[in-house]
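> coords below, sequence missing:
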């Protein structure tokens, strides 16, 4: 008699599976949690994180703009002032907004 054999033959269906996909998924969740609970500092500017729930019960992660404290998916570093913030706070525009209605030379 073997140590795992108690006189009964067990089926695969009766045992809990441990898959690499499940293990990696749990590890990613722990890494995300650790990252979001830590404080990010870019050019001596602290940047906070926040989350929101999606319509299907998921979680979406956001930066908090250091200037206006709104949720943002992207922050920018201003090329002159070296300030970090969102597009609105830094007053930066996309090229297509700037030349809207004008013929742009190439």
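Sure, I can see it. From a predicted model like this one, the values you see are computed outputs, not experimental measurements.
> who's in contact with residue 49?
Residues in contact with residue 49 (Cβ atoms under 8 Å, 6 or more residues apart in numbering) are 36, 40, 61, 62, 63, 64. Every residue, glycine included, has its C-beta placed from N, CA and C.
> What residues are bridge-paired with the third one?
Right, the one you point to is residue 61. residue 51 (DSSP bridges).
> Was I right to think it contacts residue 35?
No. Using Cβ atoms under 8 Å, residue 61 makes no contact with residue 35, being 9.0 Å away.
> I'd guess residue 36 is in a strand, am I close?
No. With DSSP: H, G, I helix; E, B strand; the rest coil as the criterion, residue 36 is located in helix rather than a strand.
> any low-confidence regions in the protein?
Along the chain, the parts satisfying pLDDT under 70 run over 1-7, 10, 97-106.
> Strands of that one, start to end?
40-42, 45-53, 59-64, 71-72, 76-77, 84-85 (DSSP state E).
> So which of these is the most surrounded?
Each of these was scored by mean neighbour count; the highest is strand 84-85, a mean of 22, by mean count of other Cβ atoms under 10 Å.
> so what does that strand touch, helix or strand wise?
Where contact means 3 or more Cβ pairs under 8 Å, 6 or more residues apart in numbering; DSSP states H and E, strand 84-85 is packed against strand 76-77.
> if you set the cut-off to 10 Å instead, what comes out?
strand 45-53, strand 76-77 (3 or more Cβ pairs under 10 Å, 6 or more residues apart in numbering; DSSP states H and E).
> about what we covered before: and residue 8, which of the strands of the chain is closest to it?
Closest to residue 8 of the strands of the chain is strand 59-64 (Cβ to Cβ; 42.4 Å).
> Now do the contacts for the most centrally placed residue in the chain.
Nearest to the mean C-alpha position of the chain, counting by Cα atoms, centre = their mean, stands residue 61 at 4.6 Å. By Cβ atoms under 10 Å, 6 or more residues apart in numbering, the residues touching residue 61 are 32, 35, 36, 49, 50, 51, 52, 71, 73.
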